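> no FASTA, just this:
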Ligand SMILES: Nc1ncnc2c1ncn2[C@@H]1O[C@H](COP(=O)(O)OP(=O)(O)OP(=O)(O)O)[C@@H](O)[C@H]1O
């Protein structure tokens, strides 16, 4: 027993045993904690998914027509105020096997838009069997985000109620069968040239100024709705040869003053329709106006049309890090969240400014945090270089501090028509013809989803 060597070996083995027991207990405890953590995670995600399931079920139910009658007090209200009574119309349902997804077209804060190809619901001939309609498919940016899905569902219901109009993005249909699994697809017409803001910025270098200002003739003060006859001399679009005649460029490889005028008229036209529904857009800006190859435009992005508390855009002005589009907002919209046709008119004035500066930033010299004070003190956007004074006057009317003194969209459309009638009648005829054709092709969109053809 006194052999120190033997004692050392014995001590060593006792130590090893103790260490083994210690590690075993320690390991067991760690394992226990890990299992506990897993069980907690599993329960939490089960609870979450149960909550999500019921939230999705609510969204799904909300889309169906409950037959509940709309209170009279809401009947004349803007669509966003009666969203709870706007059903998703079943005839818009697209069979998901008829829809093929392609590349991403764009991502917003809340949605992702992909290009897609749509087969006809009931092809009658072999030809029809083969043809595909290019479409845009919008889904929630994060499919697990209930708020995004609910906002998309509201956008869909709004679009059902909006119907079709040449300068407004038309709904083709939707895939709602998987909504309870978190997948909602909103399918709209495909607009091939992206947003107008990017187009103007990308084509700045090829812009041709066709505005002829006759400096020799003294301009009388501009009147609002009755452009003076002298305007015929002071506001002409010249052809390269020098003939004083409207130039209409059909190719997208060109950008001229006449295009800017045409875009302005078309935006006003689309907004006049929305205001007549009535619908307040709330986020009218060139980034939300889409352009087609034939230079007709579509007002898009009705996600903002519904006042949504959860949308960062709508956080009150004093909340931190709010990406409020203040440079497009009227003072009353920014200050007390009062969104009306009149606040849309203010934004329309800013769109005109964007047009005539070829995508310039409104108030470029004013910091975002100072814009409100600047506007409040009467500061406004300056007159763009290639903009006739008469159009700048229209912008200033749109930016009247008092909403009730701003023109309505009907008045703005009238103004444009009269203005173009005097200065560019051919351009007006051209735009009107294009819009008639667009209306025809939009009315044919229903054919693609009609099961009873
Ligand atoms: N019908 C369409 N055809 C072609 N491109 C489209 C179409 N709809 C949207 N896009 C593209 O996708 C982008 C994002 O679309 P949209 O603005 O609707 O998303 P959003 O998430 O609602 O954006 P926001 O953050 O402004 O609310 C657009 O800027 C545009 O480039």
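Thanks, I have the structure now. Quick caveat, the model's predicted, so the values are computed rather than measured. Numbers count the residues shown, from 1 in each chain.
> enumerate the residues of the chain near the ligand.
Residues of the chain found near the ligand (C-beta under 6 Å from any ligand atom) are 105-106, 108-111, 113, 136, 169, 188, 190-191, 194-195, 290, 300-301, 303. C-beta: built from backbone N, CA, C; applies to glycine.
> packing partners of the top helix by length along the chain?
Secondary structure of the chain per DSSP state H: the longest helix is helix 4-63. On a contact count with 3 or more C-beta pairs under 8 Å, 6 or more residues apart in numbering; DSSP states H and E, helix 4-63 meets helix 146-162.
> quick one, the longest helix of the chain and helix 146-162 angle?
20 degrees (axes from the mean of the first three to the mean of the last three C-alpha atoms, to 10 degrees).
> let's have the chain start at 761 instead
Got it, the first residue is 761 from now on, which makes the last one we talked about helix 764-823.
> buried sites along the helix or strand just after helix 764-823?
Next helix or strand after helix 764-823 toward the C-terminus (DSSP states H and E): helix 832-835. Going by neighbour count (16 or more other C-beta atoms under 10 Å), nothing in helix 832-835 comes out as buried.
> and the contacts of helix 832-835?
Contacts of helix 832-835 with the rest of the structure, by C-beta atoms under 8 Å, 6 or more residues apart in numbering, involve 841-842, 845.
> filter those residues down to the buried ones.
Using 16+ other C-beta under 10 Å as the burial test, the contacts of helix 832-835 include 842, 845 as buried.
> and the contacts of helix 832-835, which is closest to the ligand?
Relative to the ligand, the closest of the contacts of helix 832-835 is residue 841; by C-beta to the nearest ligand atom it sits at 19.7 Å.
> for the ligand, see how far away the closest residue to residue 1037 other than its chain neighbours is.
Nearest non-adjacent residue to residue 1037, counting by C-beta to C-beta, 6 or more residues apart in numbering: residue 839, 6.1 Å away. Separation of residue 839 from the ligand (C-beta to the nearest ligand atom, to the nearest Å) stands at 17 Å.
> distance of residue 839 from residue 1166?
Per C-beta to C-beta, to the nearest Å, residue 839 is found 21 Å from residue 1166.
> compare those two (neighbour count), which wins?
Counted by other C-beta atoms under 10 Å, residue 839 and residue 1166 do not tie: residue 1166 has more neighbours, with 23 against 20.
> return the distance of whichever residue of the chain sits closest to the ligand relative to residue 783.
The nearest approach of the chain to the ligand comes at residue 868, 1.9 Å away (C-beta to the nearest ligand atom). Going from residue 868 to residue 783 by C-beta to C-beta gives 54 Å.
> go on, residue 1212?
74 Å.
> pLDDT-wise, which helix or strand of this structure ranks last?
Lowest on mean pLDDT, DSSP states H and E among the helices and strands of the chain sits helix 991-994, with a mean of 37.
> quick one, helices of the protein?
Along the chain, the stretches classed as helices by DSSP H are 764-823, 832-835, 886-890, 906-922, 956-962, 991-994, 1017-1036, 1091-1096, 1101-1116, 1128-1136, 1149-1158, 1169-1183, 1185-1203.
> I'd like those helices as JSON lines, with distance to residue 880 appended.
Shown next, in JSON lines, are those (distance: least, C-beta to C-beta, whole Å):
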{"stretch": "helix 764-823", "distance to residue 880": "24"}
{"stretch": "helix 832-835", "distance to residue 880": "37"}
{"stretch": "helix 886-890", "distance to residue 880": "5"}
{"stretch": "helix 906-922", "distance to residue 880": "21"}
{"stretch": "helix 956-962", "distance to residue 880": "31"}
{"stretch": "helix 991-994", "distance to residue 880": "49"}
{"stretch": "helix 1017-1036", "distance to residue 880": "28"}
{"stretch": "helix 1091-1096", "distance to residue 880": "43"}
{"stretch": "helix 1101-1116", "distance to residue 880": "36"}
{"stretch": "helix 1128-1136", "distance to residue 880": "48"}
{"stretch": "helix 1149-1158", "distance to residue 880": "43"}
{"stretch": "helix 1169-1183", "distance to residue 880": "36"}
{"stretch": "helix 1185-1203", "distance to residue 880": "15"}
